[in-house]
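S.K.: The following block contains a protein sequence and its predicted model.
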Amino acid sequence: MPKMKTHKGTAKRFKLTGSGKKIKRANAFKSHILEKKSPKRKRAFTSPSFVHKSDEKVIRKQLGIG
């Protein structure tokens, strides 16, 4: 059976945590139309977010881990 290939679009968007138990992702809504958003809200977008448990299986498979 051939090797599993990593989905490169997924690899650019997600990173595993050090223990490998969670998948980190970037927050949405931080790229444009920032004038109306409060500084507190914009700072919150920089903190790491994690992928929801229901989506983890698919993403792990695309990363070639599952």
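M.R.: Yep, that arrived. Numbers count the residues shown, from 1 in each chain.

S.K.: Please tell me how far the residue nearest in space to the middle of the chain sits from S38.
M.R.: Here the mean C-alpha position of the chain is nearest to the C-alpha of R25 (C-alpha atoms, centre = their mean), at a distance of 2.0 Å. In this view, R25 and S38 are 22 Å apart by C-beta to C-beta, to the nearest Å. For the C-beta atoms, the positions are set from N, CA and C on the backbone; glycine is no exception.

S.K.: Which parts of this protein are helices?
M.R.: In the chain, the segments counted as helices under DSSP state H are 8-13, 39-46, 53-63.

S.K.: Turn those helices into CSV, including distance to H32.
M.R.: Listed next are the helices of the chain as CSV, based on distance: least, C-beta to C-beta, whole Å:
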stretch, distance to H32
helix 8-13, 18
helix 39-46, 12
helix 53-63, 25
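
S.K.: can those go into TSV with extra columns for distance to K21, mean pLDDT and mean neighbour count?
M.R.: Putting the helices of the chain into TSV (distance: least, C-beta to C-beta, whole Å; pLDDT from 0 to 100; neighbours: other C-beta atoms under 10 Å) gives the following:
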stretch	distance to K21	mean pLDDT	mean neighbour count
helix 8-13	18	97	12
helix 39-46	22	96	11
helix 53-63	10	96	14
